[in-house]
Every structure is written in C-alpha cells, then in structure tokens.
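Asker: Could you look at this predicted model? Sequence included:
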Amino acid sequence: MKSQVAKQEKLELVQGNWYNILKKISERKGRVAAMADLIKAKNSLQFEELWQNGAYVSTTLDYSPENPVILIADNSDLLNLKNAKKAVEAHSSGQELYTTQAKYDAHLKQAEKESKKSPEDRSLFILPKRDTFNITSQNYFDVLRFLAQDPKQAEKYLNKLSEKGIDSLRFYLVDKDYVDKQSAPFERQLWSHRLVGRSGLDGGRSLDYGDGRAVSVSPLLGEARGAQKISEKSKVETYTPKQLASTLKRLKITGLEENILNDLRKNY
C-alpha cells in the first residue's frame, strides 16, 4: 500500500478531538494523512519550517493483554466515525473502547501471514517489542519502513533527524502492565510528535484532547492551486503542499504556542 501525497491533492490542518477531526475530514471527502505522507513532506520541504505541530496519522495500534502490539495501516475501527465518537467518550472517562479477541486474533493471523513480505508491502505489522523502543537505521528499521511505505524515504527521514541532532526515533507504547489488566483488546491512534529537540511517535495518546490535530488529504476538485482559506470558525485552513510549510510557521507564531505547551506537558 502506497500512501503519499499526490500533486493534485490538498492538505488541511484540522483541529479538535479525534471524533471532531474525522467528522470535518469526512465532510471534505478527505482522508487522514498517513505517516508516509508526513515523512515524504518532511523530506521534501524545508525542514526547519515543517510540522511544528504534533498530529494523529491514519495508523492504528491494536493492543491485547499478553499479546504483541499490531500496527494497522488502514481501515481500523477507530477510522469509523461511530467508533471514534465512542472512543472519545470512553477516554474522557478514563476507560477504553474495547474490540474483541476474535478481531485481534484475525489481525494477528493476517500480520503473521504478511510477515514474509517486505515491510512496505504489508497492511499489518507486528511490533518487535511491547515496551517503548528507539528506531535507528540499525535497530527496528523495518518498523519505519512499514510506516514510510518506502525504505529510501525512511532512511532519508532518519538522516533529516540526524541533521537536527536527533539520533533515533522513539516509539512510545501504552504500558504493558496496563494493557494486561484490560478485559479485552483495544485500539489507539498513532500520534507523530512535533520537532522539539527530538521527534517521536506516540502509540498511547488519548483521543479526547480538544487540541488534537491531524492533516486531511483530499482531491483539489478543480480548485485553484493557490491556498484557499476556510472560515476561522471551522478551525481548518487549506493549503497547497508548497505553501504548507510557511503557513504552519505562521500558525505557530500567531496562536498555537499554548497548544504546543499543552502537548509537551501531556506527551513528553
């Protein structure tokens, strides 16, 4: 599965809890950007100005008591509006939206079957650890290949991080003791941290935060290729890929400092 931003697609930075994000993206007939989209954008645009905000991506993590963690590239339960709403409500009360052991077992069986393929050709991926780990070009690189959907883009991304003094990509997971105490499997959406001296991935971020963000990818549908600003009330701004970097820089300067600080308190 190749999930990369095409020239005829527009990017929209969407803010809200996970349910509200999906609702807005659905209304615009878009899709949640994959980690592959973010990696390609970071690699191709001016690095200092890109992705100054953390964001959810389309990858989902499937947790099950005393079982390995599975990455789901697409079509997970949490990408469904009805389930997203239930998950936000569950997380707001400190609970989980449970799936079923049968569904997890089916994912595990499919992931094991696909393990013979190259990482970038899989739809599911079994993580090598249940604890937080660091990705480098020598360690757990296959995980990044799966997320980037391209080994060259994955390597280039690590090189970009290295230029900023970041020697690894830290992958945070839900504490396994917590997972093992649950009565059934559950899912969490993957979060890509903004750059702040390091750049990590969070597989345990709560979905009920009102200051959550994601990037929508949708067709241009014949619109002008210049940036088209959506009303402030909708909390969505639209850009062509070339203008995304400079606009995110402006957003950071004019109004997102407080959100960024809140993200740092919650996620670091």
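Answerer: Nice, thanks for sending it over.
Asker: gap between stretch 192-212 and the chain center?
Answerer: Put simply, stretch 192-212 sits 8 Å off its chain's centre (Cα atoms, centre = their mean, to the nearest Å).
Asker: which of the residues in stretch 165-185 are buried?
Answerer: 166, 168-169, 171-174, 176, 179, 185 (16 or more other Cβ atoms under 10 Å). (Each C-beta comes from the backbone N, C-alpha and C, glycine too.)
Asker: quick one: which of those residues sit in strands?
Answerer: Using DSSP state E, the subset of these located in strands is 169, 171-172.
Asker: And Asn43, how far from Asp37?
Answerer: 11 Å (Cβ to Cβ, to the nearest Å).
Asker: Looking at the two, which is more packed in?
Answerer: Between Asn43 and Asp37, counted using other Cβ atoms under 10 Å, Asp37 has the larger neighbour count: 24 against 19.
Asker: What strand or helix carries that one?
Answerer: Assigned by DSSP states H and E, Asp37 falls within helix 35-44.
Asker: Whatever helix or strand comes next after that helix - contacts with which helices or strands?
Answerer: As assigned by DSSP H and E, the chain's next helix or strand after helix 35-44 is strand 55-63. Judged by 3 or more Cβ pairs under 8 Å, 6 or more residues apart in numbering; DSSP states H and E, the packing partners of strand 55-63 are strand 31-32, helix 35-44, strand 70-72, strand 186-192, strand 213-219.
Asker: From the buried residues of stretch 165-185, pick the one nearest Tyr157.
Answerer: Nearest to Tyr157 out of these is Leu169 (Cβ to Cβ; 8.0 Å).
Asker: Skip the chain neighbours and tell me the closest residue to that closest one.
Answerer: Ile135 (4.2 Å; Cβ to Cβ, 6 or more residues apart in numbering).
Asker: thinking the one you found is in contact with Ser168, fair?
Answerer: Yes: counting by Cβ atoms under 8 Å, Ile135 does reach Ser168; the two are 6.1 Å apart.
Asker: Name the nearest residue to Ala36, ignoring sequence neighbours.
Answerer: Gln149 (4.1 Å).
Asker: so that neighbour touches Glu120, yeah?
Answerer: Yes: between Gln149 and Glu120 a contact is recorded at 4.8 Å, counting by Cβ under 8 Å.
Asker: Just want to know which of these two has more residues nearby.
Answerer: Gln149 (23 against 20).
Asker: List the backbone torsions phi and psi for Gln15.
Answerer: phi -120, psi 150 (degrees, to the nearest 10).
Asker: For it, grab the count of nearby residues.
Answerer: 21.
Asker: from what I can see it touches Ile21, true?
Answerer: Yes: using Cβ under 8 Å, Gln15 and Ile21 qualify as a contacting pair, with a distance of 7.4 Å.
Asker: which residues do the two both contact?
Answerer: 212-213 (Cβ atoms under 8 Å, 6 or more residues apart in numbering).
Asker: returning to that earlier point: which secondary structure elements does the helix holding Asp37 contact?
Answerer: Counting by 3+ Cβ pairs under 8 Å, 6+ apart, helix 35-44 packs on strand 55-63, helix 141-148, helix 151-163, strand 186-192, strand 213-219.
Asker: between these, which gets nearest to Ser206?
Answerer: Nearest to Ser206, of the helices and strands packed on helix 35-44 and by Cβ to Cβ, is strand 186-192 at 8.4 Å.
Asker: Any regions of the stretch 51-200 of the chain where pLDDT drops low?
Answerer: 51, 196-198 (pLDDT under 70).
Asker: Can you tell me the centre-most residue of the protein?
Answerer: Val57 (2.2 Å; Cα atoms, centre = their mean).
Asker: hang on, the earlier thing: mind listing what's buried along the helix holding Asp37?
Answerer: Buried residues in helix 35-44 (16+ other Cβ under 10 Å): 35-43.
Asker: So what's the residue count around Glu187?
Answerer: 25.
Asker: For the closest residue to Ser206 other than its chain neighbours, pull up the helix or strand it's in.
Answerer: Nearest residue to Ser206, sequence neighbours excluded (Cβ to Cβ, 6+ apart): His91, at 4.6 Å. Per DSSP H and E: His91 is located in helix 81-92.
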